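Undergrad: With the input below, show me the fold.
(one chain, ligands or ions: 1)
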Amino acid sequence: MSADDQIKQLQKELRVLKHEFERLKENRVLLEQRWLFQTLHEEIEATNRELDIAREAAEEANQSKSIFLANMSHEIRTPMNAILGFTEILSGLIDDEQHLEYLSAIQTSGKSLLGLINDILDLTKVETGKLELEYEAVDVQSVFLEMKHVFSQRIRDKGIDFIIDIDESLPSVLILDEVRMRQVLLNLVGNAVKFTDGGYIKLSVYNRYPEEDRSKLDLVFSIADTGIGIPEDQMEKIFDAFEQQKGQSFAQYGGTGLGLAITKKLIEMMKGEISVESEVGKGSTFNVVLKHVDVASVSKSELERELGIDVESVVFDHASILVVDDVAINRNLVNGYLEPYDFTIFEAENGEEALACIRIHKPGLVLMDMKMPVMDGYEAAKISKETPETGNIPVIALTAAVMKQSEEAIRELCDGYLRKPVSKMDLVAELMKFLDHTVAEPEPVPAVSESLEPEGVTSSEVHSDTALENLPELAQILETEIHPIWEELKNSSVITDISDFTRRNLELSNKHEYAPFTSWVNLLQKHVTMFDLDKVHETLEELPGLIHAIKKHISE
Ligand code: ADP
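TA: Sure thing, here's the model as predicted:
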């Protein structure tokens, strides 16, 4: 081989070697990468395992903290009630001014301690997701108006004006958590009163409809005051737990800094937002928007009267009715209206479910909400009407729509049309057009039914003539005077308030001598005297049932 050829051969081998070297280099990089990846993966897995253990430990700790707080608050509340209760009794027994002052200090501190415990418990519940909202049909206007009444004494003492401005178009009944709604208002209005010494407080309420269909609204309210105001750099901070304005005098304003933290969390749970505008020395305005609040299907007057009105003289022949609405509370409200009649009720949450139910059960009539997810009421009604086997089943639209166009379209498609909120009268009148019925003569008032007799009460006691004569008056007082106080008290732990309430009921039972009521009051009194709060609440729970039984008895 010539030298040239040898050089060429060597160059070729060199190229092959170079190529091989490059390949090995790539492999090495790949191996390194794979190794690195493997190591990283193992490290990530190990970290994840550690995180899981830490999270479980944190969850456990949080759980223990909640259980501890719940137990602690219960344990503190029970003796606190005894302290407050005996202080109340003592204050009626002593005359010495100085001693009375001491007692009053014990009472004030006791009450604020109870308030603090309740706040801590609420915040813990919200933070650990333990607080569940309980939605129901709420007469919102009266919750707003109540604020003026609750703070009337302090407003008068401070010489400030309280203005309430509620949009006239606000529907009478909305579906909300009444207790939490009231708690939010009490916090915000309470703060406005506390931090304002002159001028006014204005509570304004508006509603906005985000959609053409009026079955949902945005509830907008604001609480404006002409008080001390809030510096700009602290407007966000005050919504955090235990935060107050910097340098704020505790002696003058007290407080814990928990109210706004709870308020904000409750509002967020209710799918809402809160914000504040303020100028130091001029005042503050807290703005709240609760989004997509459901409008109730029934009207306020009907809620107040509940069952037992004249329309009950209508006796329907047995029939089955399908109630279609995506909001469960609305279905329950309509069911409540229909309860006294001999109806079998079916329920559906949307048009699709409704069609399946119509096909299977062939109900005598359908009450159809129009705006629903999955399949709306128009489509379901249309399909049902076009199907030969179901076409003759009457469909009554129950809708909150207000546009003239949509009303006409509904009327064309359906056999009847009811506008939300519907009254019982309107509902029954509409049903009478389609279902067989008779109208019964009013019956004379019978004697007290056996079912009302409580254990250990003899018939002669229950059948007392005075009791019977006084029954409607007693029912009225219980409903209009006692029940509203009960609403405020049923979750209260302040034994002095419950004690006043029991005293008022004792007076009533002495006057009206109605055995079931008397034995209820006596039981309540016994538990109040023993400061047994659990039993007190158990007994308080029985009041609505008692009122209902008395009313039922009157109408029998
Ligand atoms: P608390 O009232 O118990 O201190 P909050 O959480 O309700 O607790 O309020 C936190 C702080 O926000 C208050 O201490 C006060 O500094 C400020 N604040 C709240 N509302 C107002 C208001 N209307 N005017 C001025 N400052 C307010």
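Undergrad: C-alpha from now on. contacts and neighbour counts both.
TA: OK.
Undergrad: can you confirm Gln245 is in a helix?
TA: No. Secondary structure assignment places Gln245 outside any helix; it is coil (DSSP: H, G, I helix; E, B strand; the rest coil).
Undergrad: need the longest strand for this protein.
TA: Secondary structure of the chain read by DSSP state E shows that its longest strand is strand 283-295.
Undergrad: which stretches of the stretch 151-300 of the chain form strands?
TA: 161-166, 174-176, 200-208, 216-225, 272-279, 283-295 (DSSP state E, counting those that start in this stretch).
Undergrad: Nearest to Thr480 among the ones you listed would be which one?
TA: Taking CA to CA as the criterion, strand 174-176 is the member of the strands of the stretch 151-300 of the chain that comes nearest to Thr480, at 21.3 Å.
Undergrad: Could you list every helix and strand in contact with that closest one?
TA: strand 136-138, strand 283-295 (3 or more CA pairs under 8 Å, 6 or more residues apart in numbering; DSSP states H and E).
Undergrad: which strands and helices sit next to the shortest one?
TA: Using 3+ CA pairs under 8 Å, 6+ apart as the contact definition, the elements that strand 136-138 packs against are strand 174-176.
Undergrad: closest one to Lys382 among the strands of the stretch 151-300 of the chain?
TA: Among those, strand 216-225 comes nearest to Lys382, with 23.9 Å by CA to CA.
Undergrad: Just give me how far that closest one sits from the chain centre.
TA: In terms of CA atoms, centre = their mean, to the nearest Å, the gap separating the centre of strand 216-225 from the centre of its chain is 17 Å.
Undergrad: Backbone dihedrals for the closest residue to the ligand within the stretch 301-450 of the chain, please?
TA: Relative to the ligand, the nearest point of the stretch 301-450 of the chain is Ile329 (31.9 Å; CA to the nearest ligand atom). Here is the backbone geometry of Ile329 (degrees, to the nearest 10): phi -60, psi -40.
Undergrad: which residues sit in contact with the spatially closest residue to it that is not a sequence neighbour?
TA: Spatially, and ignoring its direct neighbours in sequence, Ile329 is nearest to Glu136 (6.6 Å; CA to CA, 6 or more residues apart in numbering). Under the criterion of CA atoms under 8 Å, 6 or more residues apart in numbering, the contact partners of Glu136 comprise 175-178, 329.
Undergrad: Of all pairs in those, which one is the farthest apart?
TA: By the measure CA to CA, Glu178 and Ile329 form the most distant pair in the contacts of Glu136, at 13.7 Å.
Undergrad: hey, what's in contact with both of those two?
TA: Applying CA under 8 Å, 6+ apart, one finds that Glu178 and Ile329 are jointly contacted by 135-136.
Undergrad: who in this structure is up against the ligand?
TA: 191-192, 195, 227-230, 238, 243-245, 255-261, 284 (CA under 6 Å from any ligand atom).
Undergrad: just the buried members of these?
TA: Burial by neighbour count, 16 or more other CA atoms under 10 Å: within these this picks out 191-192, 195, 227-230, 238, 243-244, 255-261, 284.
Undergrad: Just the CA coordinates for stretch 285-298, please, in PDB.
TA: Included here for stretch 285-298 are C-alpha records, laid out as PDB according to Å, rounded to 0.1, in the frame of the first residue of the first chain:
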ATOM      1  CA  THR A 285     -68.500  52.600  53.300                       C
ATOM      2  CA  PHE A 286     -68.500  48.800  53.200                       C
ATOM      3  CA  ASN A 287     -69.900  47.400  49.900                       C
ATOM      4  CA  VAL A 288     -71.200  43.900  49.600                       C
ATOM      5  CA  VAL A 289     -72.400  42.000  46.600                       C
ATOM      6  CA  LEU A 290     -73.900  38.500  46.900                       C
ATOM      7  CA  LYS A 291     -74.000  37.000  43.500                       C
ATOM      8  CA  HIS A 292     -76.700  34.800  41.800                       C
ATOM      9  CA  VAL A 293     -79.000  34.700  44.800                       C
ATOM     10  CA  ASP A 294     -82.100  32.600  44.000                       C
ATOM     11  CA  VAL A 295     -85.500  34.300  44.100                       C
ATOM     12  CA  ALA A 296     -88.000  32.100  46.000                       C
ATOM     13  CA  SER A 297     -91.000  30.700  44.200                       C
ATOM     14  CA  VAL A 298     -93.500  31.700  46.800                       C
END
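Undergrad: how about the most centrally placed residue in the chain, phi and psi?
TA: Geometric centre of the chain, nearest residue: Asp177, 1.2 Å, by CA atoms, centre = their mean. Asp177 has phi and psi values of phi -90, psi 100 when expressed as degrees, to the nearest 10.
Undergrad: Break down the stretch 101-250 of the chain into its helices, ranges please.
TA: Along the stretch 101-250 of the chain, counting by DSSP state H, counting those that start in this stretch, helices occupy 140-150, 152-158, 178-194, 250-253.
Undergrad: scratch that, the stretch 351-500 of the chain
TA: 351-361, 377-386, 404-413, 424-434, 459-462, 465-477, 483-489, 495-512.
Undergrad: tell me, which of the ones you listed is the model least confident about?
TA: Within the helices of the stretch 351-500 of the chain, the stretch with the lowest mean pLDDT is helix 459-462, showing a mean of 38.
Undergrad: mind showing which ranges of the stretch 51-200 of the chain have poor pLDDT?
TA: 70, 73-74, 78 (pLDDT under 70).
Undergrad: Single out the residue in it that lies closest to the ligand.
TA: Counting by CA to the nearest ligand atom, the stretch 51-200 of the chain gets nearest to the ligand through Ala192 (3.9 Å).
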